[in-house]
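Q: Let me see the structure of the following:
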Amino acid sequence: FAEEGLRTLVCAKRTLSRAEFDEWIVSYNAAQLTVNQRGEALAKCAAQVERDMKIVGATAIEDKLQDQVPETLEDLKKAGIKVWVLTGDKLETAVNIGYSCRLLNASMRVVTIATETAEEAREQLMSLDNVISISKDPNLLMSFQSRLEQLISRVLPSRGRKRS
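A: Take a look at the predicted model:
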(Lines give C-alpha, C1' and ligand atoms only; values in the text may rest on other atoms or scores of the structure.)
Protein backbone atom coordinates (compact mmCIF):
# COMPACT_ATOMS: atom_id res chain seq x y z
CA PHE A 1 0.00 0.00 0.00
CA ALA A 2 2.87 2.40 0.72
CA GLU A 3 4.00 2.13 -2.91
CA GLU A 4 0.62 3.54 -3.89
CA GLY A 5 0.95 6.44 -1.42
CA LEU A 6 -1.59 5.03 1.01
CA ARG A 7 -1.38 5.39 4.80
CA THR A 8 -1.98 2.06 6.47
CA LEU A 9 -3.09 1.02 9.91
CA VAL A 10 -3.40 -2.56 11.09
CA CYS A 11 -5.53 -3.29 14.15
CA ALA A 12 -4.78 -6.38 16.18
CA LYS A 13 -5.54 -7.76 19.61
CA ARG A 14 -4.19 -10.13 22.18
CA THR A 15 -5.64 -11.04 25.55
CA LEU A 16 -3.23 -10.89 28.46
CA SER A 17 -3.71 -12.67 31.74
CA ARG A 18 -3.70 -10.45 34.82
CA ALA A 19 -0.27 -11.85 35.76
CA GLU A 20 1.16 -11.10 32.27
CA PHE A 21 -0.20 -7.55 32.44
CA ASP A 22 1.09 -6.95 35.97
CA GLU A 23 4.57 -8.11 34.97
CA TRP A 24 4.53 -6.05 31.78
CA ILE A 25 3.27 -2.81 33.33
CA VAL A 26 6.12 -2.81 35.83
CA SER A 27 8.72 -3.02 33.04
CA TYR A 28 6.80 -0.47 30.92
CA ASN A 29 6.65 2.08 33.74
CA ALA A 30 10.38 1.60 34.36
CA ALA A 31 11.10 2.08 30.63
CA GLN A 32 9.15 5.35 30.62
CA LEU A 33 11.41 6.67 33.36
CA THR A 34 14.61 5.60 31.62
CA VAL A 35 16.85 8.51 30.67
CA ASN A 36 19.38 6.74 28.44
CA GLN A 37 18.09 4.70 25.48
CA ARG A 38 14.46 5.27 26.47
CA GLY A 39 13.20 4.47 22.97
CA GLU A 40 14.95 1.12 22.98
CA ALA A 41 13.57 0.28 26.42
CA LEU A 42 10.02 1.15 25.34
CA ALA A 43 10.40 -0.86 22.11
CA LYS A 44 11.53 -3.86 24.15
CA CYS A 45 8.43 -3.54 26.34
CA ALA A 46 6.20 -3.28 23.29
CA ALA A 47 7.79 -6.39 21.79
CA GLN A 48 6.90 -8.32 24.96
CA VAL A 49 3.17 -7.90 24.32
CA GLU A 50 2.97 -7.18 20.59
CA ARG A 51 3.34 -10.79 19.54
CA ASP A 52 0.96 -13.66 18.80
CA MET A 53 -1.70 -11.11 17.98
CA LYS A 54 -4.87 -11.66 15.99
CA ILE A 55 -5.45 -9.17 13.19
CA VAL A 56 -8.95 -7.73 13.48
CA GLY A 57 -8.80 -5.15 10.71
CA ALA A 58 -6.75 -2.95 8.45
CA THR A 59 -7.22 0.38 6.75
CA ALA A 60 -5.50 2.07 3.84
CA ILE A 61 -6.38 5.66 3.13
CA GLU A 62 -5.17 7.96 0.41
CA ASP A 63 -3.05 10.72 1.85
CA LYS A 64 -3.70 13.38 -0.76
CA LEU A 65 -1.52 16.42 -1.15
CA GLN A 66 -3.19 19.69 -0.33
CA ASP A 67 -4.25 21.85 -3.25
CA GLN A 68 -1.48 23.68 -5.11
CA VAL A 69 1.42 21.88 -3.37
CA PRO A 70 3.25 20.91 -6.61
CA GLU A 71 2.75 24.39 -8.06
CA THR A 72 3.89 26.08 -4.84
CA LEU A 73 7.04 23.97 -4.66
CA GLU A 74 7.78 24.73 -8.31
CA ASP A 75 7.40 28.47 -7.60
CA LEU A 76 9.81 28.17 -4.66
CA LYS A 77 12.38 26.43 -6.87
CA LYS A 78 11.98 29.07 -9.60
CA ALA A 79 12.59 31.76 -6.97
CA GLY A 80 15.88 30.08 -6.06
CA ILE A 81 14.67 28.84 -2.70
CA LYS A 82 16.18 25.52 -1.69
CA VAL A 83 13.72 22.98 -0.33
CA TRP A 84 14.87 20.21 2.03
CA VAL A 85 12.59 17.43 3.22
CA LEU A 86 12.81 16.08 6.75
CA THR A 87 10.22 13.42 7.51
CA GLY A 88 9.40 10.58 9.81
CA ASP A 89 7.68 8.70 7.01
CA LYS A 90 8.94 5.41 5.75
CA LEU A 91 11.56 6.07 3.09
CA GLU A 92 9.45 4.55 0.32
CA THR A 93 6.47 6.73 1.25
CA ALA A 94 8.56 9.88 1.48
CA VAL A 95 10.13 9.32 -1.94
CA ASN A 96 6.75 8.59 -3.54
CA ILE A 97 5.32 11.79 -2.06
CA GLY A 98 8.38 13.68 -3.32
CA TYR A 99 7.67 12.55 -6.86
CA SER A 100 3.90 13.10 -6.61
CA CYS A 101 4.36 16.71 -5.52
CA ARG A 102 7.04 17.18 -8.20
CA LEU A 103 9.68 18.05 -5.63
CA LEU A 104 11.67 15.16 -7.09
CA ASN A 105 12.08 14.20 -10.72
CA ALA A 106 13.95 11.55 -12.69
CA SER A 107 16.86 13.88 -13.47
CA MET A 108 17.67 14.52 -9.81
CA ARG A 109 20.14 12.73 -7.61
CA VAL A 110 18.23 11.77 -4.46
CA VAL A 111 20.37 11.67 -1.32
CA THR A 112 18.92 9.77 1.62
CA ILE A 113 19.94 10.21 5.25
CA ALA A 114 18.51 7.27 7.21
CA THR A 115 20.22 6.58 10.51
CA GLU A 116 19.55 5.41 14.03
CA THR A 117 21.71 7.95 15.88
CA ALA A 118 22.45 11.64 15.71
CA GLU A 119 26.16 10.95 15.20
CA GLU A 120 25.47 8.69 12.20
CA ALA A 121 23.22 11.40 10.74
CA ARG A 122 25.96 14.00 11.28
CA GLU A 123 28.50 11.78 9.48
CA GLN A 124 26.16 11.20 6.55
CA LEU A 125 25.31 14.89 6.29
CA MET A 126 28.99 15.83 6.32
CA SER A 127 29.64 13.29 3.56
CA LEU A 128 27.30 15.33 1.36
CA ASP A 129 30.34 17.56 0.77
CA ASN A 130 31.31 14.92 -1.77
CA VAL A 131 28.02 15.33 -3.63
CA ILE A 132 28.49 19.02 -4.25
CA SER A 133 32.29 19.32 -4.20
CA ILE A 134 32.35 18.51 -7.89
CA SER A 135 31.05 22.03 -8.43
CA LYS A 136 33.51 24.44 -10.04
CA ASP A 137 31.97 27.38 -8.16
CA PRO A 138 33.80 27.86 -4.81
CA ASN A 139 31.08 30.23 -3.57
CA LEU A 140 28.45 27.56 -4.13
CA LEU A 141 30.53 25.03 -2.22
CA MET A 142 31.12 27.46 0.68
CA SER A 143 27.42 28.31 0.75
CA PHE A 144 26.52 24.61 0.83
CA GLN A 145 28.98 23.90 3.65
CA SER A 146 27.67 26.85 5.66
CA ARG A 147 24.06 25.79 5.23
CA LEU A 148 24.94 22.20 6.06
CA GLU A 149 26.59 23.32 9.30
CA GLN A 150 23.50 25.40 10.15
CA LEU A 151 21.23 22.43 9.49
CA ILE A 152 23.36 20.13 11.61
CA SER A 153 23.47 22.59 14.50
CA ARG A 154 19.69 23.04 14.45
CA VAL A 155 18.63 19.45 13.94
CA LEU A 156 21.27 17.47 15.80
CA PRO A 157 22.79 17.94 19.26
CA SER A 158 26.42 19.06 19.20
CA ARG A 159 27.91 16.43 21.55
CA GLY A 160 31.24 18.23 21.56
CA ARG A 161 31.91 17.78 17.84
CA LYS A 162 35.40 18.73 16.78
CA ARG A 163 35.94 20.87 13.71
CA SER A 164 38.72 19.94 11.32
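Q: Show me the shaky parts of this structure.
A: Applying pLDDT under 70 to the chain flags residues 1-5, 85-86, 88, 129-164.
Q: change it to 80
A: Applying pLDDT under 80 to the chain flags the ranges 1-7, 62-65, 82-94, 96, 108-119, 121-164.
Q: And for residue 45, the neighbour number?
A: Close neighbours of residue 45, defined as other C-beta atoms under 10 Å, add up to 19. No exception for glycine: its C-beta is placed from N, CA and C like everyone else's.
Q: Could you verify that it is part of a helix?
A: Yes. Counting by DSSP: H, G, I helix; E, B strand; the rest coil, residue 45 is part of a helix.
Q: wait, doesn't it sit right on residue 24?
A: Yes. Contact criterion C-beta atoms under 8 Å: residue 45 and residue 24 qualify, at 6.8 Å.
Q: Show the residue spans covered by the helices in the protein.
A: Using DSSP state H, the helices of the chain run over residues 18-33, 38-49, 69-78, 91-100, 118-127, 129-132, 138-155.
Q: Among the ones you listed, which comes closest to residue 112?
A: With C-beta to C-beta as the measure, helix 91-100 is the member of the helices of the chain nearest residue 112 (6.4 Å).
Q: how many degrees apart are the closest one and helix 69-78 in direction?
A: 80 degrees (axes from the mean of the first three to the mean of the last three C-alpha atoms, to 10 degrees).
Q: Pull out the buried residues from helix 91-100.
A: 93-98 (16 or more other C-beta atoms under 10 Å).
Q: do stretch 45-55 as well
A: For stretch 45-55, the buried set under the neighbour-count rule, 16+ other C-beta under 10 Å, comprises residue 45.
Q: So for that stretch, first residue to last residue, what's the gap.
A: Using C-alpha to C-alpha, to the nearest Å, the end-to-end distance of stretch 45-55 comes to 20 Å.
Q: Now do that stretch: distance to the chain's middle.
A: 24 Å (C-alpha atoms, centre = their mean, to the nearest Å).
Q: do stretch 55-75 as well
A: That offset, for stretch 55-75, works out to 17 Å (C-alpha atoms, centre = their mean).
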